[in-house]
Structures are given as structure tokens and as C-alpha cells.
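Q: Okay, predicted coordinates and the sequence, questions at the end:
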Amino acid sequence: MKIGTLPNGGDAIKAANELFKGLLEKGIVEELMAPAVQPGGSCSLALFADAERLDPILPWAPVMPVQGGRALSKLAFTDPGVKTGVVLRPCEARASVELIKLKQIVPDNILFITVDCPGTCEVAAFKASGVDEVEGAKTLLSGKVPEGNNLRTACSICENPAAEVGEIRIHIFGGGDVAIEAEDEVATKLEEAEVVTFSGAGIAGRDEAVKALKAERVKARDELFAKFDDETGSLEKLKEAFSTCIRCYNCMENCPICYCKVCIFKSPTFEHTGDKYAAWAMRKGVQKLPTETMLFHMTRLNHMSSSCIGCGVCDTACPMGLPVATLFRKVAKGVQEMFEYQPGRSLDDDIPLSVFREDELQAESGSGK
């Protein structure tokens, strides 16, 4: 890896956008997918082919209405046919790594660009606050939260806010500079095209800043999980907490890890006839509609907890305000620790459900585990 700093004059957004413009103009990529301010306000992902139209790109958009890994699985489920740069947050990059392993992304023509992420706000709350998108991004980059907003729950407990995967990584933690880290082959292309000069020096205080932020997020995570345990510590309490689920499938539709083309919950298996509903109500005295809501969440957990990267878009997508992300993140943490697996860390790490080891889940001799 090679590292250097980007000329920015204290403006991280300008520095990153100059880099993206250079990538397109010099033909290192032919298209670029990145968050951008839309004409109607707010931000969402867009795919750019014209370097002169990059002005609305906002790498640190204050909201994340669509998970970039999910979008990339649509764009690159088959080879897009052109070299495409994709600007991703760490959770989106890690989701993309998992999706490559799951054969949902063909990475051959993709240049992965990951940015350090200070976090995002909920879409509806940010829209209601009336804060300008660019100003909101600048506030987040300063380490604060835009007025009238809070960080999304998933962002407030994210233990992986730093750009640690991707062929190009943009660093903003630890100081006023913006640093770039790139794999040797990509770095050589950038230097030859005179897009970037790698000096060998990054942000001096970045490691300490990332360590402190991680510690703060882990503390918040543990406090949230303890509170969640108190509120949902039994099956009955858990059912009560999720009793207003309407099985709209929004959490599933927006989750980057849920990738099945046909879900069993959208199949005839769960298309019940009227007499069944009537019989269930007769037997129990009352039958909640829609049915099998907890079964839906438990099945999802069973399918994807080992690869959950904690992006929290399930919370954002839920119209009922259910703590979906907290449940999934808590269960996923236990599953991933059990298998000693960190999703999205490396393409070389096999997904637990894809391999079998004779000694897995066996108690260690004398350990009591």
C-alpha cells in the first residue's frame, strides 16, 4: 500500500471530488457510483459517466437511504462491461465483500473506494430538520451532529468506522488533512496519470483518533445491548417488542445481505387460506394479523447473522420504528464471535455457513465452554 495526502485547504469534500474527477478524466474509471445531492434535495446514490457533472457528489452524505452494497449487487450482479469506481462507506464496503463471496457481485471491473465514516442521520429526521445536505456533511466531518438530528443507532454503535478495505481508501480521522491510501498497482496508475502524488505520509493522529472513536462506539454498543436485554430478556418480552411488525418486508428488501431472489415468506408456503386463519383464531381466541411476524425475523437471523455488518438500514426502512438493527446486531455479534468470523474483513475468510469443520462448536477440553 502507498499513502499520501490530498490537496484540500481544509475542505475534505472538495479534495475527494477532485480525486474522483481525475479518475474519470484520466480514464482510470469510466463510470463512478457515489452518494450525491439530488435535484429535489436529500441524497442518494448516482452513477456518473461525465466528469463535468460530478458537482453534486457528496462522499460523506449526511444520510444513507440506500445501502451501497445493495446497490452494487444490482449494478455488478453481472459484469457492467466498463471499469466502474464505487465510493462506499466502511459498512457498505464490508457488505460488498460478503456479497462477492456469496456470488452476488462480480468484482472484476469494479474499483472499490472506501471513505472513513463519521456516521449518518435518519433520512426522515434530517429532511424535517431543514439542514442543507452539504452543511450537514461538513458538520459530521467536524465530529458533531447536525442541529435537530442524532446519529442513526447503527452509526452510534459502529465499531468499524475507518476505511480498512478497498483498493483506494480516503482517511479523514485525526486531523485537518485528507489522506489517500491505495494498493500498489492502483497507486502506480494514479501517479502515472498525475492524479495523486504519494508522499509516504498520512494523517499523523489518525490511529489514535480511530482507537478513541472505536472505544466510544463499543461503550455505546454495550450499553444499548444491556438495555435491550432488560427490555426483551424473554421470548414473551421479545414478542411484545416486535408485536407491531406488519411484515412489510422493508427490512429484508433493504438489507444488503438478504439476497435471495425468491423469499420463502413471499412463496405459497405463507399464502394461507381463509379457513386456516379462522381456525387459528378459534383455537387461540385471537390471531394477530399478519401472521408469523416473529418467525419472519427469526428466519432472517438464521440466514444472515454470520454476515450481518451492522449497517442499520433495516431500522431506517422500518415504518413501525422497531429495533430491528439492535436485535440483528446483538445476535450477529454472538454468532460471529462463536465462529471467530468478522464479516467483510477479507475475501480470504470463508463465510461460516459455507464451510464445515469437524471440531467447530465443540467444547474445548477443560475450558468449560
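A: Yes, it's here.

Q: and Ala76, how many neighbours does it have?
A: By other C-beta atoms under 10 Å, 22 other residues sit near Ala76. Yep, even glycine has a C-beta here, placed from its N, CA and C like the rest.

Q: Now do it against Pro256, distance only.
A: From Ala76 across to Pro256, the span is 13 Å (C-beta to C-beta, to the nearest Å).

Q: Gln342 too?
A: Between Gln342 and Pro256 the computed distance is 16 Å (C-beta to C-beta).

Q: before we move on, what about Thr84?
A: From Thr84 across to Pro256, the span is 17 Å (C-beta to C-beta).

Q: what does Leu47 give?
A: 17 Å.

Q: Give me the more crowded residue out of these two.
A: Shown here are Leu47 and Pro256; by other C-beta under 10 Å, Pro256 has more neighbours (27 against 14).

Q: So the more buried one sits against Val97, correct?
A: No: using C-beta atoms under 8 Å, Pro256 makes no contact with Val97, being 10.7 Å away.

Q: can you tell me which helix or strand the most centrally placed residue in the chain belongs to?
A: Of all residues in the chain, the one closest to the mean position by C-alpha atoms, centre = their mean is Cys91, 3.2 Å from it. Secondary structure from DSSP states H and E places Cys91 in helix 90-101.

Q: still on that earlier bit, which residue sits closest to the residue nearest to the centre of the chain, ignoring its sequence neighbours?
A: For Cys91, ignoring the flanking residues on the chain, the nearest one in space by C-beta to C-beta, 6 or more residues apart in numbering is Cys311 at 4.0 Å.

Q: neighbours around the one you found, how many?
A: Taking other C-beta under 10 Å as the criterion, the count of residues near Cys311 is 30.

Q: Quick one: residues contacting it.
A: Cys311 sits next to Met64, Gln67, Gly69, Cys91, Glu92, Ala95, Ala154, Pro256 when contact means C-beta atoms under 8 Å, 6 or more residues apart in numbering.

Q: Checking it next. Helix, strand or coil?
A: coil (DSSP: H, G, I helix; E, B strand; the rest coil).

Q: And Val186, by the same measure?
A: Going by three-state DSSP: Val186 is helix.

Q: Check which residues of stretch 148-161 are buried.
A: Asn149, Leu151, Arg152, Thr153, Ala154, Cys155, Ser156, Ile157, Cys158, Asn160, Pro161 (16 or more other C-beta atoms under 10 Å).

Q: Turn those residues into CSV, columns for secondary structure.
A: Formatted as CSV, those follow (three-state DSSP):
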residue, secondary structure
Asn149, coil
Leu151, strand
Arg152, coil
Thr153, helix
Ala154, helix
Cys155, helix
Ser156, helix
Ile157, coil
Cys158, coil
Asn160, coil
Pro161, coil
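
Q: Farthest-apart pair in those, please.
A: The span of these, defined through C-beta to C-beta, is set by Asn149 and Asn160 at 21.8 Å.

Q: Give me the packing partners of the helix ranked longest in the chain, helices and strands only.
A: Longest helix in the chain by number of residues (criterion: DSSP state H): helix 206-231. Packing partners of helix 206-231 (3 or more C-beta pairs under 8 Å, 6 or more residues apart in numbering; DSSP states H and E): helix 153-156, helix 324-338.

Q: can you do 7 Å?
A: When contacts are defined as 3 or more C-beta pairs under 7 Å, 6 or more residues apart in numbering; DSSP states H and E, helix 206-231 packs onto helix 324-338.

Q: Just the buried residues of stretch 329-349, please?
A: Arg329, Lys330, Val331, Ala332, Lys333, Val335, Gln336, Phe339, Tyr341, Pro343, Gly344.

Q: distance between it and the chain's centre?
A: 15 Å (C-alpha atoms, centre = their mean, to the nearest Å).

Q: And for stretch 319-339?
A: So, by C-alpha atoms, centre = their mean, the centroid of stretch 319-339 is 14 Å from its chain's centroid.

Q: avg pLDDT for it?
A: Stretch 319-339 shows a mean pLDDT of 93.

Q: Contacts for it, please.
A: 153-154, 224-225, 228, 241-242, 244-246, 248, 250-251, 301, 305-306, 308, 310, 312, 314-315, 318, 342-343, 352 (C-beta atoms under 7 Å, 6 or more residues apart in numbering).

Q: Show me where this protein has its strands.
A: Ranges of strands in the chain, per DSSP state E, are 2-6, 31-37, 43-48, 84-88, 110-115, 168-171, 178-182.

Q: Restricting to C-alpha, output the fifth one in CSV.
A: Taking Å, rounded to 0.1, in the frame of the first residue of the first chain, the C-alpha atoms of strand 110-115 are listed here in CSV:
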residue,chain,number,x,y,z
ILE,A,110,-15.0,-2.6,-10.0
LEU,A,111,-12.6,-0.2,-8.3
PHE,A,112,-13.5,0.0,-4.6
ILE,A,113,-13.1,3.4,-3.0
THR,A,114,-13.8,3.4,0.8
VAL,A,115,-14.1,6.6,3.0
